[in-house]
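Visitor: I would like the atomic coordinates for the input below:
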Amino acid sequence: MKIKLASEFYYRVEDGDNIKSLCKKFNTNESDILRNNKDLDLYQGEIIKIYPNDYQSHFVKPTETIEVIAKEYNISKEKLIRDNDLKSTRLFIGQRLKIYLDK
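Guide: You can find the predicted model right below:
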């Protein structure tokens, strides 16, 4: 599946939105939202600037290996290692891996 990402866009905050829901909805992270919106209050109707990432994060779960994660995202284990600059194939529970999306 090919995904085309915008470099930036504006979003009108809806009732019930919070930082975590916005991060998930727009594939970004909390620090990026806060950095790009200096006076952020997250009130309904507020307009905020969003910069989506060109990757999604995967947090390693118990028993997961490079091979299992690569298969889950339909990428090669070599690409996963290269994209995350891993020096070893050993993973740690909770380790964050970047899974780069096709543009």
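
Visitor: what are the ranges of the helices in this structure?
Guide: Using DSSP state H, the helices of the chain run over residues 19-26, 30-36, 66-72, 77-83.

Visitor: Dump the ones you listed to JSON lines, plus mean neighbour count, distance to Ile93 and mean pLDDT.
Guide: C-betas here are computed from N, CA, C, even on glycine. Converted to JSON lines, the helices of the chain look like this (neighbours: other CB atoms under 10 Å; distance: least, CB to CB, whole Å; pLDDT from 0 to 100):
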{"stretch": "helix 19-26", "mean neighbour count": "14", "distance to Ile93": "21", "mean pLDDT": "88"}
{"stretch": "helix 30-36", "mean neighbour count": "13", "distance to Ile93": "22", "mean pLDDT": "87"}
{"stretch": "helix 66-72", "mean neighbour count": "15", "distance to Ile93": "13", "mean pLDDT": "95"}
{"stretch": "helix 77-83", "mean neighbour count": "14", "distance to Ile93": "17", "mean pLDDT": "94"}
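
Visitor: which regions of the protein lie under the pLDDT threshold?
Guide: Low-confidence segments of the chain, defined by pLDDT under 70, span residues 1-7, 101-103.

Visitor: Nearest residue to the middle of it?
Guide: With distances taken as CA atoms, centre = their mean, Gln56 lies nearest the centre of the chain, 3.3 Å away.

Visitor: Asp83 is in contact with Gln56, correct?
Guide: No: the pair formed by Gln56 and Asp83 falls short of the contact definition of CB atoms under 8 Å, at 11.7 Å.
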